[in-house]
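K.L.:
fold the following, please.
(one chain, ligands or ions: 1)
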Amino acid sequence: QRSIWLSRHGESEWNVYGKIGGDADLSPRGEAYALKLPELVKQSFGPGEDHPLTVWTSTLKRTIATARHLPQEWNQLQWKALDELDSGVCDNMTYAEIKELYPEDFEARDQDKYNYRYRGGESYRDVVIRLEPIIMELERSENILIVTHQAILRCIYAYFMKEDQEKSPWLNVPLHTLIKLTPRAYGTDKEVFKAGV
Ligand code: G3H
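P.N.:
Okay, the predicted model is just below:
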């Protein structure tokens, strides 16, 4: 039975300050998650299941750092297409700063989060399109663990759970949690493993 493993990166320094985007390092808590991830993956294996995973990260430091304690012999691949939703001029800002500097944009995003495109950046709809090659590759691969970002995981998760993509911007994909999805004939089984860090 083929499964797909999904995880957000460990908490980053920007997560701590409430800043979006950027290319920050992991926080101490995020580092603790990275250390715990190999054990969490082992825990997610079913009885008799023991095989290497191929690890896909984005090109951003926080996902690569999160994957770095996984077994050396597992192949790792970095995809630009897995980078976080590009928040353009709002990159590295807190939501409070965005609201202050770009009140109309803040309101427009609230009204239509799926279609709202950041100035000089992307919308969720854009992300769904750039993820098409990733989804195609996933469909014909086995044993992939994806370590990426919240907005990206929302879209990948919606695809495999057969949720309406327009709902993806509001899906809850918590930090420090490994999700194992196993597509079956009549829907996708979901198992959740919390690191507790
Ligand atoms: O850093 C950006 C978040 O992953 C996306 O969150 O689309 O709910 O603002 P948001």
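
K.L.:
tell me how far the residue of the chain found nearest the ligand lies from Val55.
P.N.:
At 3.2 Å from the ligand, Gln150 is the closest residue in the chain, using C-beta to the nearest ligand atom. Backbone N, C-alpha and C define where each C-beta goes, glycine included. Separation of Gln150 from Val55 (C-beta to C-beta, to the nearest Å): 18 Å.

K.L.:
those two: which is more packed in?
P.N.:
Val55 (26 against 17; other C-beta atoms under 10 Å).

K.L.:
that one in helix, strand or coil?
P.N.:
Put simply, Val55 is strand when judged by DSSP: H, G, I helix; E, B strand; the rest coil.

K.L.:
skip the chain neighbours and tell me the closest residue to it.
P.N.:
Among residues not flanking Val55 along the chain, Gln76 sits closest, at 4.5 Å (C-beta to C-beta, 6 or more residues apart in numbering).

K.L.:
contacts only, for the one you found.
P.N.:
For Gln76, the contacting residues are Thr54, Val55, Trp56, Thr57, Ala67, Leu70, by C-beta atoms under 8 Å, 6 or more residues apart in numbering.

K.L.:
following the helix or strand hosting Glu97, which helix or strand shows up next?
P.N.:
Element membership of Glu97, judged by DSSP states H and E, is helix 95-101. With elements assigned by DSSP H and E, the helix or strand that comes after helix 95-101 is helix 103-111.

K.L.:
any idea of the mean pLDDT in the helix or strand just after that next one?
P.N.:
Later in the chain than helix 103-111, the nearest helix or strand by DSSP H and E is helix 124-130. Helix 124-130 carries an average pLDDT of 98.

K.L.:
and if you look at stretch 83-103?
P.N.:
Mean pLDDT, stretch 83-103: 98.

K.L.:
would you map the helices across the chain?
P.N.:
Using DSSP state H, the helices found in the chain span residues 13-17, 28-44, 61-66, 95-101, 103-111, 124-130, 132-139, 150-160.
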